[in-house]
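Student: predicted model, plus sequence, below.
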Amino acid sequence: MSRWPDPSPVCYSREFLRTAQMAQSPVTSTPNSVIISAIDPNSPRFQKNALAMADLVTTIAREQEKIREGGGAKTIESQHSKSRLTARERIALLIDRGTELLELAIYAAYGMYEEWGGAPAAGVITGLARVQGRLFMLIANDATVKAGAFFPMTAKKVIRAQNIAIENRIPTIYLVDSAGVFLPLQEDVFPDTDDFGRVFRNNAVMSAMGIPQITAIMGMCVAGGAYLPVMCDHILMTEGSGLFLAGPALVQAAIGMKYTPEELGGAKMHAQISGTVDYREPNDESCISRIRTLVGKMGQRPGAPFSRVEPQAPRIPKEQLLGIVDADPARPYDMKEIIGRIVDESRFEEYKTEYGKTVLCGYARIGGFAVGVVANQKMHVQDLDKHSGEKRVEFGGVIYTESAEKAARFIMDCNQNLVPLIFLHDVNGFMVGRDAEWSGIIRAGAKMVSAVSNSVVPKITLIIGGSFGAGHYAMCGKAYDPRFVFAWPTARYAVMSGASAAGTLVEIKIKQLERGGKKLSEAEKKELYESVKKTYDEQMDPRYGAARLWIDKIIDPLETRDVLIAALEAASLNP
């Protein structure tokens, strides 16, 4: 995976602009299916957009670096004093040299649990990486964050990683170092279908499905968490670690007996007496070496029957991606400019080009994989009114009746032909009004939602701009089982925009107050409006959604192609 850019927004932006300005667009003699860029990288608008995006990307990068520090320098030092590596150090040793972890849900629990000192990355690291050339899901407790204890979002993050592994048949490695449930919040961690117990249920389901699971106990593994390693295929344990249903203090309180941690549940005991662990290792390095050896002996299962050929780089340079989307979400742009910079050879076989133009549908390849692309067109387009026969302007980012009908048919075609689907969001919602209702917008929207709901090929969602209301659903939002949900820093995620929500809610509030005999001044109305809008704007931020696992990863636009290829490679493991 590509690395984040230089942490200086000015340096990053200047380098980007230099590259983008030197880049050449395809010549006009190329086939009709090749997208021709109309962007002028020297234009003030392009450079303004590029600078704004670079600032957003840099902010995200700096925040993520802070999150990667986990519990901070003192807790890292404490981990090292026990002759243990940190979770990130373990992962760096485990994965193949020259490769990187595609980390998922790093923003989990962002801004949450502040009364308990916070829980960076929810105290667990998850992501895709290659071990001995094979793609794995990695799940590693971060003992520098509250001793690796499970907060409510910790359980949900582990379950999300397991669900990705289940959907895509990805073998999984767990690096366990956890004190168990964070007891002050036990009522939100313990009982429900997306809580702690679901982790072990998923272990059993994955095992029954033939998805390999390897667990290394590299610290504490206590209480209910002790079930996780035992329900996996291979169990490794390092010296000095502990595996028990109840620790020494709880055993003494419960039955009045005193035992040392080693005799109660140490690595030697489990290797020689209980027979629970398969491999006892002296330290983290030896344990990780053993995992890599075991992985090297694993056989390969058949993959998915998707078309894949030798990948070809896009003809249009990716460096220009940063300048396409306007800082003002109301400003239109051509979604084909983005498609042309992420698909192989910038080639896009558009479907029904003259019909339902506010949703783009077509076939392409990404990293050699054949894909169907469903994308919101943000340019305003001209179309014919069905009733009057006169030309009308259709607003970019809005799904009209014809667009929904076209998309529904295209999605069904992709399912018929075993073509994975990529959804690119910048959608305000479905068209409203008398003309839209007369044209059957509800019926057409239902067709599109139904097609997305019943789609069986892998679906991958990327939120580039807005993703509002029922448009979010129709474009395969989180509730419609996309294999992955990614977002650019420019993503906005809500029922409606902050301005629209504030306008609606303030109007309702004013009427309520007036019925009670109170009349607001213009200044009070404005203050109320700004207050509501601020709350909505904060909740639309992609980090708010990522904190709650609605988004798997916020990505640098320049990473888009690499991330989509990794997601397609993961999806292709499921036959």
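Tutor: Now that the structure is in, tell me what you want to look at.
Student: could you export stretch 435-449 as PDB, CA atoms only?
Tutor: Taking Å, rounded to 0.1, in the frame of the first residue of the first chain, the C-alpha atoms of stretch 435-449 are listed here in PDB:
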ATOM      1  CA  ASP A 435     -42.800  15.800 -11.800                       C
ATOM      2  CA  ALA A 436     -40.600  13.200 -10.000                       C
ATOM      3  CA  GLU A 437     -43.500  11.600  -8.300                       C
ATOM      4  CA  TRP A 438     -45.500  11.400 -11.500                       C
ATOM      5  CA  SER A 439     -42.500   9.800 -13.200                       C
ATOM      6  CA  GLY A 440     -42.600   7.000 -10.600                       C
ATOM      7  CA  ILE A 441     -39.500   7.900  -8.600                       C
ATOM      8  CA  ILE A 442     -40.500   5.800  -5.700                       C
ATOM      9  CA  ARG A 443     -41.000   2.700  -7.900                       C
ATOM     10  CA  ALA A 444     -37.700   3.300  -9.700                       C
ATOM     11  CA  GLY A 445     -35.900   3.900  -6.400                       C
ATOM     12  CA  ALA A 446     -37.300   0.700  -5.000                       C
ATOM     13  CA  LYS A 447     -36.000  -1.200  -8.000                       C
ATOM     14  CA  MET A 448     -32.500   0.100  -7.500                       C
ATOM     15  CA  VAL A 449     -32.600  -0.600  -3.700                       C
END
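Student: for that stretch, buried residues please.
Tutor: Buried residues in stretch 435-449, counting neighbours by 16 or more other C-beta atoms under 10 Å, are found at 435-436, 439, 441, 444-445, 447-449. All C-beta spots, glycine's among them, are computed from the backbone N, C-alpha and C.
Student: need the helices for the stretch 1-150 of the chain, in chain order.
Tutor: If DSSP state H, counting those that start in this stretch is used as the criterion, the helices of the stretch 1-150 of the chain fall at 9-22, 44-67, 73-81, 87-94.
Student: these: lowest mean pLDDT?
Tutor: When the helices of the stretch 1-150 of the chain are ranked by mean pLDDT, helix 9-22 comes last with a mean of 46.
Student: columns distance to residue 339 on top of the buried residues of stretch 435-449, output as CSV?
Tutor: Converted to CSV, these look like this (distance: C-beta to C-beta, whole Å):
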residue, distance to residue 339
435, 29
436, 27
439, 27
441, 26
444, 24
445, 24
447, 24
448, 20
449, 23
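Student: would JSON lines of the residues you listed with secondary structure, distance to residue 477 and pLDDT be doable?
Tutor: Shown next, in JSON lines, are those (DSSP: H, G, I helix; E, B strand; the rest coil; distance: C-beta to C-beta, whole Å; pLDDT from 0 to 100):
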{"residue": "435", "secondary structure": "helix", "distance to residue 477": "26", "pLDDT": "86"}
{"residue": "436", "secondary structure": "helix", "distance to residue 477": "21", "pLDDT": "88"}
{"residue": "439", "secondary structure": "coil", "distance to residue 477": "24", "pLDDT": "89"}
{"residue": "441", "secondary structure": "helix", "distance to residue 477": "18", "pLDDT": "94"}
{"residue": "444", "secondary structure": "helix", "distance to residue 477": "18", "pLDDT": "95"}
{"residue": "445", "secondary structure": "helix", "distance to residue 477": "13", "pLDDT": "95"}
{"residue": "447", "secondary structure": "helix", "distance to residue 477": "17", "pLDDT": "97"}
{"residue": "448", "secondary structure": "helix", "distance to residue 477": "12", "pLDDT": "97"}
{"residue": "449", "secondary structure": "helix", "distance to residue 477": "10", "pLDDT": "97"}
